[in-house]
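Participant: Sequence and predicted structure below; questions after.
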Amino acid sequence: VFTPSGKNAGSVDVSCKVGDSVATTKLNVLIHALDNGGSVTPQQQAVLQGAPGPGDAQWQFLYPYDQTVFPKGILAPEIHLTAGSSPGSVFYVHIVAPLYEYEGYFNVAANGTQLQMSQSAWDALTNVAANQSVQVQVSKLFNGQKVGPIFRTWKIAAGKLHGTIYYNTYNSPLAQQNGAMMRIKGTSAVPEVLLGNCTVCHSIGSDGSTAAAANHNGPGGTFDLTSGNVNPPNVWVDPEMAAFAGLYPKNGEVLVISGAPGWGNTPGTGGMYYSSLRSKNGQVIPNSGIESYYAQSPAFSHDGTMLAFTDRISGQSSVLALMAYDSINKKFSNYQVLSSPQAGRHLSWPAFTPDNKFVVYQNGTGDDLVTWNGNTSKIFATDIATKQQIFLANLNGDGYMPQGARDENKNYEPTMAPIASGGYFWLMFTSRRTYGNKLTGSESETKRLWVSAIDINSPAGMDPSHPAFYIAGQELTSGNSRGFWALDPCKQDGNGCESG
């Protein structure tokens, strides 16, 4: 007996052998996923399945954004809706793709409507519709009559995002309302405290092996993450110097200290000192070529051949700079300016795309480069070869976000997943935008992590970004920032693993 798993669809050959006789046939497996957690009656379902009803101009999607690209391997996104002028009592989500159909019935309130398909239905959709666009239709019942549907288009990438998300918080209940480095593993719906007691201002190596952080009340420095356990061992103990360090992507063998020029120091640093190259245990490596720079927010390329940083020339002036790195001789060379900011702005928090063609960065106000104090920011990319600057309009959301100006100019601290997956690069960033109808408070209450898909081979000068999605699993009561999507540390032979 052939029993479909409900996870994949398509053509399958089925054979049956009796004695010396073998018969083979081809089956086409289709998936029809159904959710009805709200006890929607068959009569109500029939109305919702019927012909389109009248529209409701005030009834709109708040989240996800239209044309969002989702990877496989994440939690099912929530759909957030306004109430509209004809408040619904029952809602119907309908998604059709080749070989797949989803019908979800929800009996929820019209105010603050939040709909989420089951994880099994979402996983099946992302398997079957990989590398396709799907139309999401939502209808509702008002006084027993169908209203809508309204529409969104999502695109499903053909690959998973693997690894662990690491980020910074200052007021997590899990960390006793204190600063901490947090992490979300895989598709976990809740984060965990990696290092508490105000261990913050962190960086994570691309390979997931090493963390660097500051802690003025306890052990800062570098940390070995290879065991996968919380409270990882402290390799180099220093309260300040490892704040926002640039970690070499291979076992964290070396790190570049983020400079403290005395003007516009980033949080976690005090005093005044130039950048330096150090081993993981904190030993200074002399004459590396970085010693004459206040290299703030430094970041290595994912292959370790380049370093990008904010060259803090003076209190009023900075540029986004690039240097080549020779890992054998531990030398930096070939200094070049990637971009110079307009007056009153700073270019900071650079990150490389995995192909080394672009550096993404924060273009914002504020000498301290932070996400608070009223600082505003947008995210750009620079073509390393041509130095052309590209505004990532789809990521930044100007003009299409439901809350308009409230949500614009509030995107900070980009980082890149270390490998491509599903035909895209994946850019994580901090944003103070609202999250649908779930996080709608002041900017001090909505600082969270978002991810945007980045086209790998976009035409020169064109915006390669897509509308962003919210990272599920974050606490709803803590401000979160500076996320890193790092690979999980290498496993011993014989243990299962996956890549992009």
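Facilitator: Sure thing, it's come through.

Participant: Scan the protein for its longest helix.
Facilitator: Using DSSP state H, we find that the single longest helix of the chain is helix 119-128.

Participant: Backbone dihedrals for the closest residue to Asn107 other than its chain neighbours, please?
Facilitator: Using CB to CB, 6 or more residues apart in numbering and skipping residues adjacent in sequence, the residue nearest Asn107 is Gly38, 2.8 Å away. Bear in mind the C-beta positions are built from the backbone N, C-alpha and C, glycine included. According to degrees, to the nearest 10, the main-chain angles of Gly38 amount to phi -100, psi 10.

Participant: oh, and call the first residue 542 from now on, that's how I've got it
Facilitator: Sure, I'll start counting at 542 from here, so that last one is Gly579.

Participant: gap between Gly579 and Ile615?
Facilitator: Per CB to CB, to the nearest Å, Gly579 is found 24 Å from Ile615.

Participant: So which of these two has more stuff around it?
Facilitator: Ile615 (20 against 15; other CB atoms under 10 Å).

Participant: Show me the shaky parts of this protein.
Facilitator: Residue ranges of the chain with pLDDT under 70: 542-548, 550-554, 566-569, 856-857, 1029-1041.

Participant: swap the cut-off to 50 and go again
Facilitator: Judged by pLDDT under 50, the chain has its weakly predicted residues at 542-543, 1040-1041.

Participant: Give me the buried positions along the longest strand seen in it.
Facilitator: Taking DSSP state E as the criterion, the chain has its longest strand at strand 686-701. For strand 686-701, burial by neighbour count (16 or more other CB atoms under 10 Å) applies to 687-691, 693, 695-701.

Participant: Closest to Gly737 out of those?
Facilitator: Using CB to CB, Lys701 is the member of the buried residues of strand 686-701 that sits closest to Gly737, with 29.7 Å.

Participant: if we can go back for a sec, so which bits of the longest helix of the chain are buried?
Facilitator: Buried, per 16+ other CB under 10 Å, within helix 660-669: Ala662, Trp663, Asp664, Ala665, Leu666, Thr667, Asn668, Val669.

Participant: cool, stretch 894-911 as well?
Facilitator: Neighbour-count burial for stretch 894-911, with 16+ other CB under 10 Å as criterion, is recorded at 894-895, 898-905, 907-911.

Participant: do stretch 582-599 as well
Facilitator: Buried-residue list, stretch 582-599, by 16+ other CB under 10 Å: Gln585, Gln586, Val588, Leu589, Gly594, Asp597.

Participant: tell me the two of these that are most distant?
Facilitator: Among the buried residues of stretch 582-599, Gln586 and Asp597 lie farthest apart (CB to CB), at 20.1 Å.

Participant: What about the nearest residue to Thr810 once chain neighbours are set aside, how many residues nearby?
Facilitator: With CB to CB, 6+ apart as the criterion, Thr810 has its nearest non-adjacent residue at 4.2 Å, and that residue is Ala801. Each residue near Ala801 was counted by other CB under 10 Å, and the total is 23.

Participant: ok, what's across the strand from Ala801?
Facilitator: Beta-bridge partners for Ala801, by DSSP bridges, are Tyr814.

Participant: show me the contacts for it.
Facilitator: Going by CB atoms under 8 Å, 6 or more residues apart in numbering, Ala801 touches Thr807, Thr810, Gly811, Gly812, Met813, Tyr814, Tyr835.

Participant: From those residues, keep the buried residues only.
Facilitator: Here, 16+ other CB under 10 Å leaves Thr807, Thr810, Tyr814, Tyr835 buried among the contacts of Ala801.

Participant: I'd assumed Ser816 was in contact with the last one.
Facilitator: What that stands for is Tyr835. Yes. Taking contacts as CB atoms under 8 Å, Tyr835 lies within contact range of Ser816: 6.5 Å.

Participant: shared neighbours of those two, which are they?
Facilitator: Joint contacts of Tyr835 and Ser816 (CB under 8 Å, 6+ apart) are Gly800.

Participant: and of the buried ones among the contacts of Ala801, the nearest to Leu980?
Facilitator: Of all the buried ones among the contacts of Ala801, Leu980 sits closest to Thr807, with 25.9 Å by CB to CB.

Participant: List phi and psi for the closest one.
Facilitator: Here is the backbone geometry of Thr807 (degrees, to the nearest 10): phi -70, psi 160.

Participant: The nearest residue to it once chain neighbours are set aside: what's it in contact with?
Facilitator: The shortest distance from Thr807 to any non-neighbouring residue, by CB to CB, 6+ apart, is to Leu910 (5.4 Å). Contact analysis of Leu910 by CB under 8 Å, 6+ apart lists Gly805, Thr807, Gln837, Ser838, Thr851, His887, Ser889, Trp890, Gln903, Asn916.

Participant: Relative to His887, how far out is the last one?
Facilitator: In this structure, Asn916 lies at 9 Å from His887, with CB to CB as the measure.

Participant: ok, now the third one?
Facilitator: Counting by CB to CB, the gap between Gln837 and His887 amounts to 9 Å.

Participant: residues bridging contact with these two, i.e. touching both?
Facilitator: Any residue near both Gln837 and His887 by CB under 8 Å, 6+ apart counts here, and that gives Thr851, Ser859, Leu910.

Participant: okay, those in JSON lines with secondary structure and distance to Leu715 next?
Facilitator: JSON lines is the format used below for the shared contacts of Gln837 and His887 (DSSP: H, G, I helix; E, B strand; the rest coil; distance: CB to CB, whole Å):
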{"residue": "Thr851", "secondary structure": "strand", "distance to Leu715": "32"}
{"residue": "Ser859", "secondary structure": "coil", "distance to Leu715": "36"}
{"residue": "Leu910", "secondary structure": "coil", "distance to Leu715": "27"}
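
Participant: Nearest to Ser868 among the residues you listed?
Facilitator: Using CB to CB, Thr851 is the member of the shared contacts of Gln837 and His887 that lies nearest Ser868, at 22.5 Å.

Participant: Helix 660-669 and the host helix or strand of His573, what's the angle between them?
Facilitator: Secondary-structure assignment from DSSP states H and E places His573 in strand 572-577. Angle, strand 572-577 to helix 660-669, by axes from the mean of the first three to the mean of the last three CA atoms, to 10 degrees: 150 degrees.

Participant: Next secondary structure after strand 572-577?
Facilitator: Remark: after strand 572-577, the chain's next helix or strand is helix 583-590, criterion DSSP H and E.

Participant: got the phi/psi numbers for Gln676?
Facilitator: Gln676 adopts backbone torsions of phi -100, psi 130, taken as degrees, to the nearest 10.

Participant: and Gly977, how many neighbours?
Facilitator: By the criterion of other CB under 10 Å, Gly977 has 23 neighbours.

Participant: before we move on, what about Asn770?
Facilitator: Using other CB under 10 Å, Asn770 has 9 neighbouring residues.

Participant: how close does it sit to Pro732?
Facilitator: Plainly put, Asn770 is 15 Å away from Pro732 if you go by CB to CB.

Participant: Shouldn't Ala946 be within a helix?
Facilitator: Yes. Judged by DSSP: H, G, I helix; E, B strand; the rest coil, Ala946 forms part of a helix.

Participant: Surely Asp924 is in contact with Val901?
Facilitator: No. The criterion here is CB under 8 Å, and Asp924 misses it with Val901 at 11.1 Å.

Participant: what sits against Arg819?
Facilitator: Neighbour list for Arg819: Trp777, Met782, Val795, Leu796, Val797, Ile798, Val825, Ile826 [criterion: CB under 8 Å, 6+ apart].

Participant: Now with 7 Å, please.
Facilitator: Taking CB atoms under 7 Å, 6 or more residues apart in numbering, we find Arg819 in contact with Val795, Leu796, Ile798, Val825, Ile826.

Participant: Now do the strand holding His573: which elements does it pack against?
Facilitator: strand 641-647, helix 660-669 (3 or more CB pairs under 7 Å, 6 or more residues apart in numbering; DSSP states H and E).
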